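In: Pasting the sequence and the predicted coordinates here, then a few questions.
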Amino acid sequence: MDSDSRPRVFATRSLPGGALEALTGELELEVWPGPGAPAPEVLARAVAGAAGLLCLLTDRVDAPLLASCPELRVVSSCSVGVDHVDLAVATRRGIPVGHTPGVLTETTADLAFSLLMAAARRIPEADRFVREGHWTPARSWEPDLMLGRDVYGSTLGVIGLGAIGRAVARRAQGFGMRVLGWNRTPGKAPPGVEQVPLDALLRQSAFVSVHVARTDETIGLLGPRELAFLPSGAVLVNTARGGIVDEVALVEALRSGRLAGAGLDVYEQEPLPPDSPLLAAPGLVLAPHIGSASVATRTRMAELSIANLRAGLAGERLPHCANPEVYDAHSEEGQRARKSRGETTRAPR
């Protein structure tokens, strides 16, 4: 195949597991060298004229970007969530958007429970205590040194009973915990989970783990009123999305001592700015959005994103499409989009 006939693809980052190397010879690939993500104006220039975009959830694929890419045939995101992509605009343009669902459930549940344990038993604080030389012969053992919260036998409230929430509930059951659950959509609770209203869950839970999607309805779901319902000494964990927990209210609850601790992997602004009050909040364990960060999971995500990319470039149906309505060949919007791109007789299959 001549290089001129190969589709051009821009990747906003290299991927683990040698996934991009597998594309050698198939297409004309440009990979952003970093560090970090390309700036919006850089991304727009790089994608102009490209047939495919391979991106991450930190790359904003919005209406202006899509409008500047008339040749774009597929967007493949190496992520489960796609709130960084304007799906409505992509669908109107006839561009399928790929994502990588179903591969990070157990890995993210592991991290959520790790944050819960670390905050409950004050592990980061204990680590600093030792490293900074405070564990001396004079303080080799004290009855009140680094007292934490018991996890075994406590009550865990799981907010959001999707795949990850259910996986966290299973882990909690292994620790002999009573598990309460709340879901935005009523439905049958998984075995061993007692489904209750949100306020009741908050009032009864020594630990709370958040697993709902970020939507207009869930932004600020846990604000000052809701955090005030938690029992004194409770621990809150969020590995879902930033903005679901009111960060100002959380910092205040930690500073006042009402909450014993918290663990966060997601934030309203990522990365955290240097002046974020979260950085100085007591009892708070912070992680840099690493819910899916295991070798096996990230490798599988890379493989799925490449499979989506290949299918989109070939005009085939994506194995994992976040906007499947793009394949509705009979929709008026789809017909208009394809006509505007000169594709009046062929739609994505």
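Out: Arrived safely.
In: Look through this protein and tell me its longest helix.
Out: Of all the segments of type helix in the chain, defined by DSSP state H, the longest one is helix 295-313.
In: For that helix, buried residues please.
Out: For helix 295-313, the neighbour count (16 or more other CB atoms under 10 Å) marks 297-313 as buried. Glycine gets a C-beta too; all of them are placed from N, C-alpha and C.
In: Pull the distance from that helix to the chain's centre.
Out: In this view, helix 295-313 has its centroid 17 Å away from the chain centroid, taken as CA atoms, centre = their mean, to the nearest Å.
In: Then stretch 287-306?
Out: On the basis of CA atoms, centre = their mean, stretch 287-306 sits 11 Å off its chain's mean C-alpha point.
In: can you check stretch 77-88 too?
Out: Computed by CA atoms, centre = their mean, the chain-centroid distance of stretch 77-88 equals 10 Å.
In: List the residues that contact the residue lying closest to V248 once chain neighbours are set aside.
Out: The shortest distance from V248 to any residue that is not its chain neighbour, by CB to CB, 6 or more residues apart in numbering, is 7.4 Å, and that residue is P277. Under the criterion of CB atoms under 8 Å, 6 or more residues apart in numbering, the neighbours of P277 are 247-248, 251.
In: So how do I select the buried members of those in PyMOL?
Out: In PyMOL, this line selects whichever of the contacts of P277 come out buried by 16+ other CB under 10 Å:
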select buried, resi 247+251
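In: Mind putting the contacts of P277 into TSV with secondary structure?
Out: Formatted as TSV, the contacts of P277 follow (DSSP: H, G, I helix; E, B strand; the rest coil):
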residue	secondary structure
E247	helix
V248	helix
V251	helix
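In: which one of the contacts of P277 is nearest E270?
Out: Taking CB to CB as the measure, E247 is the one of the contacts of P277 closest to E270, at 11.9 Å.
In: What separation is there between that closest one and D110?
Out: In this structure, E247 lies at 24 Å from D110, with CB to CB, to the nearest Å as the measure.
In: ok, now P33?
Out: Distance of P33 to D110, given as CB to CB: 31 Å.
In: Name the residue in those two with the higher neighbour count.
Out: Applying other CB atoms under 10 Å to P33 and D110 shows that D110 carries more neighbours, namely 18 against 8.
In: Next up, identify which helix or strand the more buried one is on.
Out: For D110, the host element (DSSP states H and E) is helix 105-120.
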